[in-house]
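**Student:** Coordinates only, no sequence provided:
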């Protein structure tokens with residue numbers, strides 16, 4: 001990662017040199033570059049005179065990173081993958097009366113929910129995102145409960161009957177857990193340095209986009225703690241876990 005094209009080229013050259021000293025080589029065809037900006041920006045990064053392909057989307061460890069800095073495509077992909085699972089097991093598993101509710105919920109906890117929420121620690125959810133995620137969650141739970149939307153049974157009641165928490169609550173817990181981990185992280189760690197970095201740019205007109213920090217701050221306020229109060233609690237891993245999952 002680098003703040004400029006020149007700095008990125010320098011980092012690539014250093015990386016290539018050190019790898020070469022240890023008998024390793026960069027695969028030019030598999031190496032891509034990305035400029036994370038609001039407006040498209042072309043960059044020319046080369047290895048041995050070969051320009052690396054610049055992409056707008058990159059799948060890294062199962063998470064889709066967008067050059068725009070947004071997460072719409074990633075969340076859509078999560079929902080799409082989860083619905084594929086739903087349709088593949090609906091008739092053969094979820095809809096089978098001879099299979100117990102407990103077994104169906106074990107599959108929900110072990111397979112369905114993890115696919116839907118993978119990488120959720122860094123999400124910034126809009127109202128639309130929350131609505132779609134909740135709809136995907138309830139698709140499975142309604143089928144297990146044996147009701148449809150026509151029965152007009154509230155989602156809270158269905159979750160209570162099945163003994164499961166809201167997926168949005170789960171996401172918030174995962175995000176706060178990661179927030180606490182960042183607070184305890186050594187200041188020299190690259191992850192923390194990037195998180196605490198301040199972007200130097202003119203603010204555009206209109207309502208500012210919500211940031212991950214502002215979403216975390218709202219979650220803390222809902223739990224009765226300010227940012228500074230939460231930082232003190234987060235120093236103790238056990239106390240922070242109690243605060244997050246109480």
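**Tutor:** Now that the structure is in, tell me what you want to look at. The model shown is predicted, which means the values in this text are computed figures rather than measured ones.
**Student:** Going by C-alpha atoms from here, please, whenever you check contacts or count neighbours.
**Tutor:** OK.
**Student:** Would you agree residue 78 is in contact with residue 118?
**Tutor:** Yes - the criterion here is C-alpha atoms under 8 Å, and residue 78 meets it with residue 118 at 7.5 Å.
**Student:** which regions of the chain sit below the pLDDT cut-off?
**Tutor:** Scanning the chain with the threshold set as pLDDT under 70 gives 199-204, 206-208.
**Student:** and residue 78 and residue 118? which has more neighbours close in?
**Tutor:** Using other C-alpha atoms under 10 Å as the criterion, residue 78 and residue 118 rank with residue 78 on top: 21 against 13.
**Student:** Reduced to three states, what does the residue nearest to that one when sequence neighbours are not counted come out as?
**Tutor:** Nearest residue to residue 78, sequence neighbours excluded (C-alpha to C-alpha, 6 or more residues apart in numbering): residue 116, at 5.2 Å. Secondary structure of residue 116, reduced to three states by DSSP: H, G, I helix; E, B strand; the rest coil: helix.
**Student:** Would you mind measuring from residue 116 to residue 170?
**Tutor:** Per C-alpha to C-alpha, to the nearest Å, residue 116 is found 11 Å from residue 170.
**Student:** These two: which is more packed in?
**Tutor:** residue 116 (22 against 15).
**Student:** List the contacts of that one.
**Tutor:** 78, 79, 81, 82, 133 (C-alpha atoms under 8 Å, 6 or more residues apart in numbering).
**Student:** same deal with residue 74?
**Tutor:** 63, 64, 65.
**Student:** what do you get for residue 155?
**Tutor:** Each residue near residue 155 by C-alpha under 8 Å, 6+ apart is listed here: residue 138.
**Student:** Next, it: phi, psi?
**Tutor:** phi -60, psi -40 (degrees, to the nearest 10).
**Student:** Just want to check the distance between it and residue 145.
**Tutor:** 11 Å.
**Student:** So which bits of stretch 131-147 are buried?
**Tutor:** 133, 136, 137, 138, 140, 141, 142, 144, 145 (16 or more other C-alpha atoms under 10 Å).
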